[in-house]
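1. sequence and computational prediction follow.
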Amino acid sequence: MSIDTGTTSTGYEPIDFVLFGTLGDLARRKLLPSLYQLEKANLLNGGTTIVGVARQDMSEKDYAKEVKENIEKFTSEAICKDTWKRFSERLDYVQIDMKNPEDYKKLCEHVDVSRTMVCYFATPPSIYGDICQGMDAAKVIDPSVRVVLEKPIGHDLASSKVINEQVAEFFDEKQIYRIDHYLGKETVLNLIALRFANSIFATNWDHNCIDHVQISVAESVGIEGRWGYFDDAGQMRDMVQNHLLQILSLVAMEPPTTLDADSIRDEKLKVLKALRPINASNVAEKTVRGQYVSGFVRGEEVPGYLDEPDANEKSTTETFVAIKAEIDNWRWAGVPFYLRTGKRLPNKTSEVVIYFKRQPHNLFGDSFATLPQNKLVIRLQPDEGVEITVMNKVPGLTSSGSMDLQKSKLNLSFSEAFSEDRIADAYEKLLLEVMIGNQALFVRRDEIEQAWTWVDSIRAAWDASNEPPATYQAGTWGPVSSIALLAREERSWYESKVLRK
Ligand SMILES: NC(=O)C1=CN([C@@H]2O[C@H](COP(=O)(O)OP(=O)(O)OC[C@H]3O[C@@H](n4cnc5c(N)ncnc54)[C@H](OP(=O)(O)O)[C@@H]3O)[C@@H](O)[C@H]2O)C=CC1
Ligand SMILES: O=C1O[C@H](COP(=O)(O)O)[C@@H](O)[C@H](O)[C@H]1O
């Protein structure tokens with residue numbers, strides 16, 4: 001089916017956007033509201049259609065009603081009548097049991113194979129193979145089709161290879177867009193601009209100038225009713241294997257030759273390959289895993305992980321991970337990258353903090369016994385921005401002739417510096433990139449597999465150790481051993497501002 005609402009002309013050809021799993025949590029909460037926002041910003045091509053696929057029997061009218069309700073619920077603003085009118089005209093629905101190849105014939109009545117088709121698999125990865133086979137049986141696959149795969153791709157290296165192979169049987173790597181939604185966050189993308197558009201950073205970005213790097217992705221939420229999924233995954237698979245390693249790669253990669261997809265992905269892959277393996281011989285020294293017990297998060301009492309609904313009270317799944325990662329290459333020799341992520345921490349904050357080396361000699365002994373390190377704090381979320389701590393002379397006259405120093409901050413807050421009234425959600429950016437056909441912000445198969453290789457080795461060492469995770473109270477920054485991970489190297493975690501309710 002193709003329509004022309006005649007409203008928008010964008011830089012890409014009209015497409016048929018097929019959303020498998022359209023009634024699921026991700027589609028309802030993120031994908032459909034993001035498509036709606038693209039409509040509102042006039043970024044959906046006039047001829048583009050949105051075909052929802054799920055196994056429930058539902059009329060087009062009821063589907064549109066359901067979509068509208070979800071947009072109202074998950075978009076923090078009143079729905080705009082004109083935008084909704086244009087958006088609703090694009091919506092179409094088809095009932096398919098994705099495990100039944102016969103059912104996919106119905107799809108042919110809803111898409112126009114002469115146009116580009118984008119197929120978003122918002123379903124469990126275990127049925128990606130079934131969807132590919134069904135599409136093949138319905139003869140809707142050709143080289144112009146793009147498929148979007150949600151994370152996690154697998155549970156470990158072996159299972160990710162199986163899923164990647166199932167999809168590769170029908171689609172070339174150039175057609176596959178693997179989502180890591182952190183790559184769609186404005187501030188994560190800004191890492192590339194900050195590093196490569198500013199010579200002050202470009203020339204100071206290595207072991208000569210940088211002491212260490214901290215990457216923290218803290219969440220105040222717990223398991224949010226996803227115990228079954230989460231207990232199988234744990235924070236390592238849920239957050240480190242993908243989001244934290246992608247951020248680390250962008251911070252540590254060499255300048256890509258251009259901004260094209262493979263130039264960037266080649267450089268990220270080299271970083272992942274250079275990560276020093278962590279195994280049974282060094283896992284205790286380089287990693288900490290934790291599990292929260294009950295406590296208070298922003299003044300509210302919350303249950304422990306083992307007391308969450310549906311919990312198995314013997315679970316040893318980690319809800320917190322801290323790692324000292326090292327990159328064995330010329331640029332980063334001797335510079336640790338400390339990673340930290342957890343559920344039920346005091347706040348939702350994601351930050352990259354670059355600690356520069358101290359001055360070799362202190363001229364200002366009277367003010368400071370040791371001069372503090374300059375820090376570059378890149379706030380990924382919330383209060384997106386960049387902050388540099390510098391030392392300044394305190395203005396004023398002194399009779400002793402000494403110079404008093406004070407630590408000050410140069411703070412760039414995106415909300416104050418830029419006139420945008422809202423920062424686009426990561427999914428808006430990524431959906432638009434798929435429609436344009438740019439793979440730069442999507443993860444290549446070899447990156448995913450390399451990340452699994454590193455993570456699997458840590459997980460195997462944890463399993464072999466038989467040590468349970470250390471506990472931490474909900475609302476704190478993780479187990480004390482995480483503080484010790486840095487303290488024994490005379491360092492400490494950057495203290496994020498804790499937002500109060
Ligand atoms: N939810 C989130 O915040 C995030 C999700 N993801 C990933 O996104 C994907 C989707 O997750 P989520 O939306 O949470 O999952 P849900 O279980 O909520 O949704 C999956 C959808 O797929 C449908 N489905 C499953 N099997 C079939 C089948 N045989 N035939 C037809 N439809 C089927 C389900 O239909 P039915 O309702 O009928 O069972 C449901 O609509 C997963 O890969 C997940 O890991 C990634 C990051 C975050
Ligand atoms: O992929 C995931 O990410 C979210 C955190 O994403 P954010 O954009 O809110 O920072 C996490 O809660 C979830 O467990 C994980 O699957």
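-> Alright, I've got the coordinates. Numbers count the residues shown, from 1 in each chain. Ligands and ions are numbered 1, 2, ... in the order given.
2. how about the helices in the stretch 101-250 of the chain?
-> 128-137, 157-168, 186-196, 199-202, 227-235, 245-252 (DSSP state H, counting those that start in this stretch).
3. out of these, which is closest to residue 331?
-> Residue 331 lies closest to helix 245-252 among the helices of the stretch 101-250 of the chain, at 7.4 Å (C-beta to C-beta). All C-beta atoms are positioned from the backbone trio N, CA, C, and that covers glycine.
4. how far is the closest one from where the chain is centred?
-> 11 Å (C-alpha atoms, centre = their mean, to the nearest Å).
5. same check on stretch 217-225?
-> Relative to the chain's own centre, stretch 217-225 is displaced by 14 Å; criterion: C-alpha atoms, centre = their mean.
6. stretch 464-482 too?
-> On C-alpha atoms, centre = their mean, the centre of stretch 464-482 falls 23 Å from the chain's centre.
7. again with stretch 312-331
-> The answer for stretch 312-331 is 16 Å, by C-alpha atoms, centre = their mean.
8. report the buried residues of it.
-> 315-327, 329, 331 (16 or more other C-beta atoms under 10 Å).
9. downstream neighbour of the helix or strand encompassing residue 353 in the secondary structure list?
-> Following DSSP states H and E, the helix or strand that holds residue 353 is strand 349-356. Once the chain leaves strand 349-356, the next helix or strand it forms, by DSSP H and E, is strand 375-381.
10. what residues does that next one touch?
-> Strand 375-381 has contacts (C-beta atoms under 8 Å, 6 or more residues apart in numbering) with 182, 185, 187-188, 190-191, 194, 201, 217, 247, 348-356, 385-389, 494.
11. quickly check: the helix or strand hosting residue 62 near ligand 1 or not.
-> Using DSSP H and E, residue 62 sits within helix 60-74. No: Helix 60-74 lies out of reach of ligand 1 by C-beta under 6 Å from any ligand atom, never closer than 11.1 Å.
12. contacts only, for residue 236.
-> Neighbour list for residue 236: 289, 318, 321, 455, 458-459 [criterion: C-beta under 8 Å, 6+ apart].
13. counting neighbours, what do you get for residue 160?
-> Residue crowding around residue 160 was assessed by other C-beta atoms under 10 Å; the count is 21.
14. does any part of stretch 342-353 sit near ligand 1?
-> No: against ligand 1, stretch 342-353 shows no contacts by C-beta under 6 Å from any ligand atom, the least distance being 13.7 Å.
15. list the buried residues for that stretch?
-> Buried-residue list, stretch 342-353, by 16+ other C-beta under 10 Å: 342-347, 349-353.
16. C-alpha coordinates for it, PDB please?
-> This file holds the C-alpha atoms of stretch 342-353, laid out as PDB (Å, rounded to 0.1, in the frame of the first residue of the first chain):
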ATOM      1  CA  GLY A 342      23.700  -0.200  38.000                       C
ATOM      2  CA  LYS A 343      20.000  -0.300  38.800                       C
ATOM      3  CA  ARG A 344      18.500   1.400  41.900                       C
ATOM      4  CA  LEU A 345      21.400   3.900  42.200                       C
ATOM      5  CA  PRO A 346      20.600   7.300  43.700                       C
ATOM      6  CA  ASN A 347      20.000   9.000  40.400                       C
ATOM      7  CA  LYS A 348      19.500   8.500  36.700                       C
ATOM      8  CA  THR A 349      22.700  10.100  35.400                       C
ATOM      9  CA  SER A 350      25.100   9.100  32.600                       C
ATOM     10  CA  GLU A 351      28.500  10.800  32.400                       C
ATOM     11  CA  VAL A 352      31.900  10.400  30.800                       C
ATOM     12  CA  VAL A 353      34.500  12.100  32.900                       C
END
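17. please export the C-alpha coordinates of the helix or strand hosting residue 472 as CSV.
-> Taking DSSP H and E as the definition, one finds residue 472 inside strand 470-473. Presented in CSV, the C-alpha positions along strand 470-473 are these (Å, rounded to 0.1, in the frame of the first residue of the first chain):
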residue,chain,number,x,y,z
ALA,A,470,28.2,-8.1,46.7
THR,A,471,25.1,-6.5,48.1
TYR,A,472,24.3,-2.8,48.1
GLN,A,473,21.4,-0.8,49.5
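18. what's whichever helix or strand comes after that strand packed up against?
-> Next helix or strand after strand 470-473 toward the C-terminus (DSSP H and E): helix 480-487. For helix 480-487, the packing partners by 3 or more C-beta pairs under 8 Å, 6 or more residues apart in numbering; DSSP states H and E come out as strand 287-293, strand 320-325, strand 337-342, strand 470-473.
19. what is the last one packed up against?
-> Identification of packing neighbours for strand 470-473 by 3+ C-beta pairs under 8 Å, 6+ apart yields strand 287-293, helix 480-487.
20. now the shortest one against strand 337-342, angle please.
-> Looking back up the chat, that one is strand 287-293. 20 degrees (axes from the mean of the first three to the mean of the last three C-alpha atoms, to 10 degrees).
21. low-confidence ranges in the stretch 251-400 of the chain?
-> Across the stretch 251-400 of the chain, the ranges flagged by pLDDT under 70 are 366-367.
22. out of the helices and strands packed on strand 470-473, which gets nearest to residue 431?
-> strand 287-293 (33.3 Å).
23. relative to ligand 1, which residue of the stretch 151-300 of the chain is the closest?
-> residue 151 (5.2 Å; C-beta to the nearest ligand atom).
24. closest one of the buried residues of stretch 312-331 to residue 33?
-> Closest to residue 33, out of all of the buried residues of stretch 312-331 and judged by C-beta to C-beta, is residue 319, at 27.5 Å.
25. distance check, the closest one against residue 342.
-> According to C-beta to C-beta, to the nearest Å, residue 319 and residue 342 sit 6 Å apart.
26. return the residues in contact with the residue nearest to residue 327 when sequence neighbours are not counted.
-> Excluding its sequence neighbours, the residue lying closest to residue 327 (C-beta to C-beta, 6 or more residues apart in numbering) is residue 274, at 4.9 Å. Residues in contact with residue 274, defined by C-beta under 8 Å, 6+ apart, are 327-329, 332.
27. surely residue 325 and residue 337 touch.
-> Yes: using C-beta atoms under 8 Å, residue 325 is in contact with residue 337, at 4.5 Å.
28. overlap of the contact sets of these two?
-> residue 248.
29. still on that earlier bit, neighbours around the residue of the stretch 151-300 of the chain closest to ligand 1, how many?
-> Going by other C-beta under 10 Å, the residues that sit close to residue 151 add up to 18.
30. so residue 310 touches residue 229, yeah?
-> No: contact between residue 310 and residue 229 fails when scored by C-beta under 8 Å: they sit 10.5 Å apart.
31. and the residue of the protein nearest ligand 2?
-> Shortest the chain-to-ligand 2 distance, computed as C-beta to the nearest ligand atom: residue-wise this is residue 238, at 4.8 Å.
32. hmm, that residue is touching residue 230, no?
-> Yes: taking contacts as C-beta under 8 Å, residue 238 lies within contact range of residue 230: 6.5 Å.
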